[in-house]
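Engineer: coords please:
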Amino acid sequence: MTKGYTLVFFTAIISGAALYLNKFAVDVINPYVFTGLKNLTVTMLLILLILGLGKLAELKRLPRRQWGKLVLVGLVGGGLPFLLFFKGLSISAATNGAFIHKTLFIWAAILAIIFLKEKVSRWSYLGLASLVVGLAIMMGIKPTGLNLGDGMILLATLLWSGEQIIAKKALREVSPVLVAWGRLFFGFIVILGFWLTTGQHQLLTSLNMNQIGWVVFTAVLLLGYVMSWYSGLKRLPVTVATSILTLGFPITALLKLIIDGQAFSLVQVGGLSLIIMGVVWVMIVNHQKANNQIRQVRL
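Structural biologist: Numbers count the residues shown, from 1 in each chain. Sure, this is the predicted structure:
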């Protein structure tokens, strides 16, 4: 379980950095072309990993039901939500996108309780509430309506929440690298279909080196993200893993502080503290629950 925490913490760091950097990327390249090329690049890198790790035989032996789960992971997590998210990010503020995306743990927790029968104690709800309040405070959230970009990011987040449930089930029998490959490969097929239908593929011939550089750089981040995330998700409950992932938002805010000079207010520092306390609390409750289950088995 400790390794699972470490892996998901690493995912949160990548997520926070990628969300900040992706905003610059979609400013210089069509968001649909950007996300498709990035997914294709990571798909090819994952194929090399599969070959290098000797997982090709496992891929060939997968039964039909597991192939079905990989296809669903790709459709629900690697295709449509990417198109929605990066288009939404191009017309929404980076901080808005960060907040909406980081509410993923709320929707994932609800779905995990319903479909995975995960047991969430009342003490865990205290930590989850701390996360919500902390995120809202850091963002300075006010009760205003969503614009189109925010709505697209919210829909993408809901789809990604559903992906976690499908992926968690697949990870019971399938290696993380194969689940990651399924997400990016079948997701790219969706994006490719969108390219061909809308004529976006014609923009590929006009890419310059700056745009290609952004694709390659962010693809490396995405590779690290999917590998660390699925490896961590395999070891942790969905509710716990997605809660830790919310640390990506403070990391995005920290980068804005360091690079853009946007300092934290005292109120935002309080929000950051609530986020950290919420994550630590959820981890403590989960660790205690796991220890209790081990004692019961031994008895």
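
Engineer: quick check: what element follows the host helix or strand of M227 along the chain?
Structural biologist: Assessed by DSSP states H and E, M227 sits inside helix 209-233. Stepping forward along the backbone from helix 209-233, the first helix or strand reached (DSSP H and E) is helix 238-245.

Engineer: report all helices and strands that that following helix contacts.
Structural biologist: With contacts defined as 3 or more Cβ pairs under 8 Å, 6 or more residues apart in numbering; DSSP states H and E, helix 238-245 has these neighbours: helix 2-28, helix 104-111, helix 122-139, helix 148-170, helix 209-233, helix 266-298. Any C-beta I mention is one placed from the backbone N, CA and C, and that applies to glycine too.

Engineer: turn those into JSON lines, columns for mean pLDDT.
Structural biologist: Formatted as JSON lines, the entries for those read as follows, by pLDDT from 0 to 100:
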{"stretch": "helix 2-28", "mean pLDDT": "91"}
{"stretch": "helix 104-111", "mean pLDDT": "93"}
{"stretch": "helix 122-139", "mean pLDDT": "88"}
{"stretch": "helix 148-170", "mean pLDDT": "93"}
{"stretch": "helix 209-233", "mean pLDDT": "96"}
{"stretch": "helix 266-298", "mean pLDDT": "81"}
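
Engineer: quick one: closest of these to G193.
Structural biologist: With Cβ to Cβ, the closest approach to G193 among the helices and strands packed on helix 238-245 belongs to helix 148-170: 16.5 Å.

Engineer: tell me which residues of that closest one are tucked away?
Structural biologist: Buried residues in helix 148-170, counted by 16 or more other Cβ atoms under 10 Å: 149-150, 152-170.

Engineer: tell me the contacts of L126?
Structural biologist: For L126, the contact set (Cβ atoms under 8 Å, 6 or more residues apart in numbering) comprises W281.

Engineer: how near is it to G278?
Structural biologist: Computed with Cβ to Cβ, to the nearest Å, the distance linking L126 and G278 is 8 Å.
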